[in-house]
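1. Mind looking at a prediction? Sequence and model below.
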Amino acid sequence: MITTCTPEPYCRVLSGVAGLGLPPVSVGDVSKRILVGRKLRSSQLGETLLPKRIALPVFASDALSSVAYAPDEVFIMLAVAGASTYVWSWKIGLAVAVVMLTVVASYRQTVHAYPSGGGDYEVATKNLGRTAGITVASALLVDYVLTVAVSISSAAQYAAGAYNPLVGHEATVAACAVVALTAANLRGVRESGAFFATPTYLFMVSIMGMCAYGLVRMFSGSLPDAESAHLEIDPAPGWEGPLSQVALMFLLARAFSSGCAALTGVEAISNGVPAFRKPKSQNAATTLLLLGLIAVTMMMSVIVLAKEMSIRYVDPHELDRLRTAAGDALPAGYEQHPVIAQIAAGVFDNFSPGFYFVLAVTGVILVLAANTAFNGFPVLGSILAHDGLAPRSLGSRGDRLAYSNGIVFLAAMSIALIVVFDAETTKLIQLYIVGVFVSFNLSQLGMIRHWTRALQGESDPSARRRMVRSRAINTFGLCLTAVVLVIVLVTKFLAGAWITILAMGFFFLVMKAISRHYARVETELAADEQDSVLPTRVHAVVLVSKLHKPTLRALAFAKATRPNVLEGICVSVDSERTNQLLKEWDERRLDVPLKVLYSPYREVVRPIVEYTQAIRKASPRGVVAVYIPEYVVGRWWEQLLHNQTALRLKGRLLFSPGVMVISVPFQLRSSAIALEREEREEGRVHAGDLRRGRVDTNGSTWRKDDE
């Protein structure tokens, strides 16, 4: 039986559409294995947990690396009124150190109370409400992106200073560094941690060794002046003449807020507690303490040496404010080296390898510092995804058990920021810190409420004393960080902090919108009594382009489902090919009617969609089942030669209520190639299989699924 009809005049002949069955090991999969390594089973998650010696460089590299630029920012701010204000540098450094140690002590309470890894977000959500939690999350997301942008941009500046051809290409260098760091983190937390551990420890040794040697020379009276000690600094416009008390306080506040960049990254440990080995909380608290002590020691040592060596340092865009002792302008092309570079050049004036070693590891650590964000951001993203505040794809672990989607998203955002600000650290640093101290304040407030609630249900005197002590620490931390936040907002708002606040507001609104969407979808998908009602009829259609094996298989499968109505559909754009199909259909005496949809405008998809919608409209309580014959191929390039019409058709039919799409695969001979690849992969012995017990002494492999 053959019938014809003419809906809207569209479409071309539906070719033998084939499936999307990618081979188990395609070219893309091979490239991925080279980039990120072999897959890890979920049961191997414990193998990726970090001991303290690896966790310290993984989570503390950001806070430690701030020694490379936080002192620079302090001296830049003080230089606004001339070099005479440098006498305040060590006092500002001491104030920053007090804030850091207070924040470390506060977060030690947090990791013990909330070891699940939510950090500030979890504390704020559970104790202050969902709105406070979203505020903290938006602040942390912005801060993690800025952490990568600032650290990598600073490293690019160091690289350009060491290698002149890179000058003017800092943004490109920084973007390439982000890509390399992304690839390293996609290989998993443990592997990236082991990769970053050595440079981080070398940085600690180099800076602390340089400072120790410099202090020895200072006390012995042999410490030389810095290369810029002979220069004079002209005050910035508006800062000439003696400073009033108000102006001095404002200047010191600006310098202090810039120095507080050293506190970024401290919160990452509280977000990454699940990555530690057991006992997780204790190991995280110990790592926090080590971080605080090391960072404070390094920062104070650098600031003291810089002051004693009479370093002169101004904003790199205001080098015209530097003058010689005679009052003359500096020669064209004068290059101002970072504070650490000037200290190293003076301390190691008779030992050049020491100078180059300090500069090399400093440049490397600034790149690796972004690794703190690459470990904190994905974990936070997965928690937000679990709570319905972020796309659920951020909560999925990749092949290496890392949150790959979060890593890629962070990299994309950071590269965009680097390109927009041309990798200029001085501009990016103005956006920094605001988000950190917003989360600090809400976290401390949440912890105070946490301890207050816990005290109400605790009767043991020793436990109550511990809780009261912890609450006192968090209260002091709240007071101190609140003061710092006010200072940061006042001194940095017009300098760029307003951009950070807008970004936080944007993320806040986006998370709210995502939450509403997921809530609406969950309500819409809730099962009710109507969902158990069977459709009144099933109208099955099989797409036919030519009468061959895939079509006959699809017809046979459709018959086996016993629909109420079964028919074939052919879209005709070529009368000669259509007549040939009708002839073959009639010769085979198939007991299924074939309906021809004429399409003089050579479209295939639209006539089929409109025909199925017409069937659905005629029977609203029925179901239309569309069977699509598909090829399964074994080579990646064959995907480009088949299945394209099927893809478009599926995409359109998905939006048609009551229309079900069923793919009927037909394996071409090339699909056997994919099976052979899979069998070879299953039988291959990988490095470490014997040690892990996945291969016996005869070389036979087994899989976990075989147990």
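-> It's in.

2. Show me which residues of stretch 355-368 are buried.
-> Buried residues in stretch 355-368, defined by neighbour count with 16 or more other C-beta atoms under 10 Å: 355, 357-368. Quick note: C-beta positions are derived from backbone N, CA and C, even for glycine.

3. quick one: contacts of it?
-> 57, 61, 64-65, 68-69, 151-152, 154-155, 158-159, 162, 177, 181, 196, 199-200, 202-203, 206-207, 210, 340-341, 344-345, 348 (C-beta atoms under 8 Å, 6 or more residues apart in numbering).

4. Report the distance from the helix or strand harbouring residue 215 to the chain centre.
-> Per DSSP states H and E, residue 215 falls inside helix 189-220. Helix 189-220 has its C-alpha centroid displaced from the chain centroid by 27 Å (C-alpha atoms, centre = their mean, to the nearest Å).

5. so what secondary structure elements neighbour that helix?
-> Here helix 189-220 touches helix 52-65, helix 170-186, helix 280-308, helix 339-347, helix 352-368, helix 371-386, going by 3 or more C-beta pairs under 8 Å, 6 or more residues apart in numbering; DSSP states H and E.

6. what are the ranges of the helices in the stretch 401-550 of the chain?
-> 404-420, 425-428, 434-456, 461-492, 498-525, 549-560 (DSSP state H, counting those that start in this stretch).

7. Including distance to residue 84, could these go into JSON lines?
-> Output for the helices of the stretch 401-550 of the chain, formatted as JSON lines (distance: least, C-beta to C-beta, whole Å):
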{"stretch": "helix 404-420", "distance to residue 84": "36"}
{"stretch": "helix 425-428", "distance to residue 84": "22"}
{"stretch": "helix 434-456", "distance to residue 84": "30"}
{"stretch": "helix 461-492", "distance to residue 84": "20"}
{"stretch": "helix 498-525", "distance to residue 84": "31"}
{"stretch": "helix 549-560", "distance to residue 84": "86"}
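
8. To residue 98, which of those lies closest?
-> Residue 98 sits nearest to helix 461-492 of all those, at 7.6 Å, using C-beta to C-beta.

9. And that closest one, what does it pack against?
-> Packed next to helix 461-492, using 3+ C-beta pairs under 8 Å, 6+ apart, are helix 89-113, helix 245-259, helix 434-456.

10. Which among the ones you listed is found nearest to residue 78?
-> helix 245-259 (5.1 Å).

11. what element comes up after the closest one heading to the C-terminus?
-> Helix 245-259 is succeeded, C-terminally, by helix 268-271 (DSSP H and E).

12. Tell me which other helices or strands that next one touches.
-> helix 52-65, helix 89-113, helix 119-128, helix 280-308, helix 371-386.

13. Report the buried residues of the second one.
-> Under the neighbour-count criterion of 16+ other C-beta under 10 Å, helix 89-113 has 89-90, 92-93, 95-97, 99-100, 102-111, 113 buried.

14. A strand includes residue 663, no?
-> Yes. Assessed with DSSP: H, G, I helix; E, B strand; the rest coil, residue 663 lies in a strand.

15. Give me the distance between residue 484 and residue 114.
-> 23 Å (C-beta to C-beta, to the nearest Å).

16. what's the answer for residue 108, then?
-> 12 Å.

17. and what of residue 564?
-> Residue 564 is 58 Å from residue 114, where distance means C-beta to C-beta.

18. same thing with residue 179?
-> From residue 179 to residue 114 the distance is 34 Å (C-beta to C-beta).

19. Okay, now the unreliable bits of the stretch 1-150 of the chain?
-> For the stretch 1-150 of the chain, applying pLDDT under 70 flags the ranges 1-48, 117-118.

20. same check, this time on the stretch 601-707 of the chain
-> For the stretch 601-707 of the chain, the ranges with pLDDT under 70 are 674-707.

21. any residues touching stretch 653-673, and which ones?
-> 18-19, 21, 23, 549-550, 553-554, 557, 608-609, 612-613, 616, 620, 622-635, 638, 646, 650.

22. got a markdown table for the helices and strands packed on helix 461-492, with distance to residue 602 too?
-> What follows is the helices and strands packed on helix 461-492, written out as a markdown table (distance: least, C-beta to C-beta, whole Å):
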| stretch | distance to residue 602 |
| --- | --- |
| helix 89-113 | 65 |
| helix 245-259 | 66 |
| helix 434-456 | 55 |
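
23. Between those helices, which one is closest to residue 507.
-> Comparing the helices and strands packed on helix 461-492 by C-beta to C-beta, helix 434-456 comes nearest, at 9.7 Å.
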